[in-house]
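Engineer: quick check, what structure comes out for this input:
(one chain, ligands or ions: 4)
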Amino acid sequence: RAAEQGGNRFQFYADEMNSTALQRLMLESRLRRALEQGEFVVYYQPIVSVADGQILGVEALLRWFHPEIGMVSPSEFIPLAEETGLIVPIGNWVLGVSCRQVRRWQEQFDRPNLRLSVNLSARQFELDDLPATIANVLRETNLAPELLELELTESVVMGDAEEAEQRMEDLTAIGVRLAIDDFGTGYLSLGYLRRFPIQALKIDRSFTTEIERDHGSLTIVKAIIGLGENLGMRIVAEGVESQAQLSLLQALRCTEVQGYYLCRPLPAEEIMNALQATSLPLIKG
Ligand code: C2E
Ligand code: MG
Ligand code: MG
Ligand code: MG
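Structural biologist: Ligands and ions are numbered 1, 2, ... in the order given. Reported below is the predicted structural model:
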């Protein structure tokens, strides 16, 4: 295209920039409308006990069903939602919907201890009224606070450590649990890990995926499990895709797993079958 315009490279770049800016703007206004139009859906993925295949809880994972494009993955719109602050109303909507849904499942399947995990972005974590907002949602939906686990990434809690610690304590004061998501990919120091009120570590998928092939990944997974045992934290391995990975994790005494091998994230209607079963088929053959 630059050649067609007689080598006017500046024009070429300006056009490119404009279209990118325009695309962003369009996406932003679409994202803004998506919530009002009811285009978001919460999917759920089971978190399973390695010991007996029982579903201990579900993680809420957001999906956007764009009328023309179809399903849009959160990795494509969450970064923009975070930048624009739209993640705050969207995140509150996810919390309300998923707390109500899990409470309903607890009653329907007589599973009063079924847990819910919800991802929190930095923009939400920074808000002074987050604990009050969450306490309200819990009261309205009647979900027990200790059955709600908020997932934070290492980067979310990395900013000002003192402030992060205070925020975490404000959250745990209302009774909710905290987990570190994608653990092992960030720079959270072990000192903070010990100090912060964190109940669970989720081993990042990149380590689980490589666990059989790469000795380094196996070593990291072992170390995280040992760390969790010694700090009194639960360990959840994310992204389990095969029986071989599952068996290895079992041998390493990892207690909770999540991944396509056990169950994909599914809409509420479809996950009922998995919830109705007493356990997922963990040990095959
Ligand atoms: P995450 O919290 O680490 O969620 C796990 C991601 O791994 C999900 O991607 C899930 O679908 C995917 N996954 C689960 N098992 C497997 C597996 O066996 N193999 C592979 N390849 N992938 C697996 P998803 O649903 O696309 O979400 C991506 C990220 O978007 C999430 O990562 C989370 O950081 C963010 N996200 C999703 N929903 C929300 C939300 O409601 N609020 C916020 N703030 N972030 C969200
Ligand atoms: Mg997560
Ligand atoms: Mg993760
Ligand atoms: Mg993540």
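Engineer: pick out the residue in the stretch 1-150 of the chain sitting closest to ligand 3.
Structural biologist: For the stretch 1-150 of the chain, the residue closest to ligand 3 is residue 119, as judged by Cβ to the ion, at 8.1 Å. Placement of C-beta: from N, CA and C, glycine included.
Engineer: neighbours of the residue lying closest to that residue once chain neighbours are set aside, how many?
Structural biologist: Excluding the flanking residues, the one nearest residue 119 by Cβ to Cβ, 6 or more residues apart in numbering is residue 151, at 4.8 Å. Number of residues near residue 151 (other Cβ atoms under 10 Å) recorded here: 20.
Engineer: the helix or strand containing residue 192 - contacts with which helices or strands?
Structural biologist: For residue 192, the host element (DSSP states H and E) is helix 190-195. Packing partners of helix 190-195 (3 or more Cβ pairs under 8 Å, 6 or more residues apart in numbering; DSSP states H and E): helix 161-173, helix 215-231.
Engineer: so what are the sheet partners of whatever helix or strand comes next after the last one and their directions?
Structural biologist: Remark: after helix 215-231, the chain's next helix or strand is strand 234-237, criterion DSSP H and E. Based on DSSP bridges, the strands next to strand 234-237 in the sheet, each with its direction, are strand 200-203 (parallel), strand 256-257 (parallel).
Engineer: for those, please prepare TSV with the additional fields mean pLDDT and mean neighbour count.
Structural biologist: TSV is the format used below for the strands paired with strand 234-237 (pLDDT from 0 to 100; neighbours: other Cβ atoms under 10 Å):
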stretch	mean pLDDT	mean neighbour count
strand 200-203	98	26
strand 256-257	98	24
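Engineer: compare those and give me the one nearest residue 69.
Structural biologist: Nearest to residue 69, of all the strands paired with strand 234-237, is strand 200-203, at 29.5 Å by Cβ to Cβ.
Engineer: how about residues contacting the closest one?
Structural biologist: Strand 200-203 is contacted by residues 149, 151, 177-184, 221, 224-225, 227-228, 233-238, 254, 258 when judged by Cβ atoms under 8 Å, 6 or more residues apart in numbering.
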